[in-house]
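Asker: I'll drop the sequence and a predicted model, then ask my questions.
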Amino acid sequence: MKYITNFDRQIDKNSFNWLYKRSDNSVYPPIIARVDNMYYQLNNYEYEGGDVFLEDFESFEDVLSFSTSLYSDISLIELANILKIAENYKCNIDRIKIFKEKGVKGKRNFEVLKNILSLTDEFKSYIVVKKITLKYISLFLRLEENLKSIVLDYIKKETPSVGDFRKLLNFLYDYSRFINIDYYDKEYFEEIRKNRNKQYYNVLVSLDQLQKSFGKGIKIIPVSNFETCEFLLNLKFSDTEELIMKIETIKNNRDKIELFFEELKNYDLC
């Protein structure tokens, strides 16, 4: 690295500035990367003087890897900015060390990073301050639009802890089909939870009664804990006659089975 006073070449001061809301002041002159006789500033973007440190690089992948080594605690927003720069310069992502260091791998994770840049500034700041992980950003991005609006409103109103943020996401996924608003309303959500818990208890009681009607050797198993109408029927038998007898028992209880499914429909579980 060379120290040069009164550097007189034209410098691109913006293209490699991936920082997000952090101070970049330094008593030292900035580092300038030279690639194919073009010059790019890598730090100390508010510097006004003419002195620089000059370093030659063979590729833009090397430039990005070096520039990220100048800073610690790189946030998800900054990773998203780095990815955008890498794509602008047609870089080989596998050669940029910071993504491996941060555990970003696979097409889905990189798609999430790209989408982060479209989030509101308020949400971006929340992600940085609370260090929200890529996993939960991915969950947020998969929500319906009205549910995304609820999350954004929640962050604006409450500035929740990471734990409370996760709880809201889990709640929205579990109860999404019952939510008809696009803003955060704690009482509304508590009412939904209370009603669904009561209905869930009632369904369990009804299933237990239906199970008793069948007797031993016949078991009904909800596949998805009543998230869908799928059930497994488990028959235990030791010979053909016992199997036929159990099938007849099920047929004789058809009315009870139909009533059970009507209850599921009434609770909007089917």
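Answerer: Received it, and whenever you're ready, just let me know what you need.

Asker: how about residue 55, what does it touch?
Answerer: Each residue near residue 55 by C-beta atoms under 8 Å, 6 or more residues apart in numbering is listed here: 1-2, 31-34, 66. The way it works is simple: take the backbone N, C-alpha and C, and place the C-beta from them, glycine included.

Asker: Report the two of the residues you listed separated the most.
Answerer: Greatest spatial distance in the contacts of residue 55: 2 and 66, 14.9 Å, computed using C-beta to C-beta.

Asker: Those two: which is more packed in?
Answerer: In this view residue 2 and residue 66 are compared by other C-beta atoms under 10 Å, and residue 66 has more residues nearby, 16 against 11.

Asker: Regarding this protein, what is its longest helix?
Answerer: When every helix of the chain is counted residue by residue (DSSP state H), the longest turns out to be helix 186-214.

Asker: Let me know the next secondary structure element after that helix.
Answerer: Along the chain past helix 186-214, the next helix or strand (assigned with DSSP states H and E) turns out to be strand 218-222.

Asker: sorry, back to before: give the buried subset of the contacts of residue 55 as a ChimeraX selection command.
Answerer: Buried residues among the contacts of residue 55 (16 or more other C-beta atoms under 10 Å), as a ChimeraX selection:
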select :31,32,33,66
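
Asker: which SS state does residue 33 fall under?
Answerer: strand (DSSP: H, G, I helix; E, B strand; the rest coil).

Asker: My guess is it contacts residue 43. True?
Answerer: No: shown here, residue 33 and residue 43 do not form a contact pair, counting by C-beta atoms under 8 Å, at 10.2 Å.

Asker: okay, and the common contacts of those two?
Answerer: Residues within reach of residue 33 and of residue 43 at once, by C-beta under 8 Å, 6+ apart, are residue 67.

Asker: what sits against residue 175?
Answerer: With contact taken as C-beta under 8 Å, 6+ apart, residue 175 is in contact with 189, 192-193, 196.

Asker: how many neighbours does residue 171 have?
Answerer: A count of neighbours around residue 171, defined by other C-beta under 10 Å, yields 16.

Asker: Contacts only, for it.
Answerer: With contacts defined as C-beta under 8 Å, 6+ apart, the neighbours of residue 171 are 189, 193.

Asker: Low-confidence bits of this structure, can you list those?
Answerer: Counting by pLDDT under 70, the chain shows low-confidence ranges at 270.

Asker: which residue ranges form the helices in it?
Answerer: With DSSP H applied, the chain shows helices at 60-68, 76-88, 97-101, 107-116, 121-130, 134-141, 145-158, 162-175, 186-214, 240-252, 254-266, listed in chain order.

Asker: would you turn those into CSV with distance to residue 20?
Answerer: What follows is the helices of the chain, written out as CSV (distance: least, C-beta to C-beta, whole Å):
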stretch, distance to residue 20
helix 60-68, 13
helix 76-88, 4
helix 97-101, 14
helix 107-116, 10
helix 121-130, 7
helix 134-141, 15
helix 145-158, 17
helix 162-175, 19
helix 186-214, 31
helix 240-252, 62
helix 254-266, 48
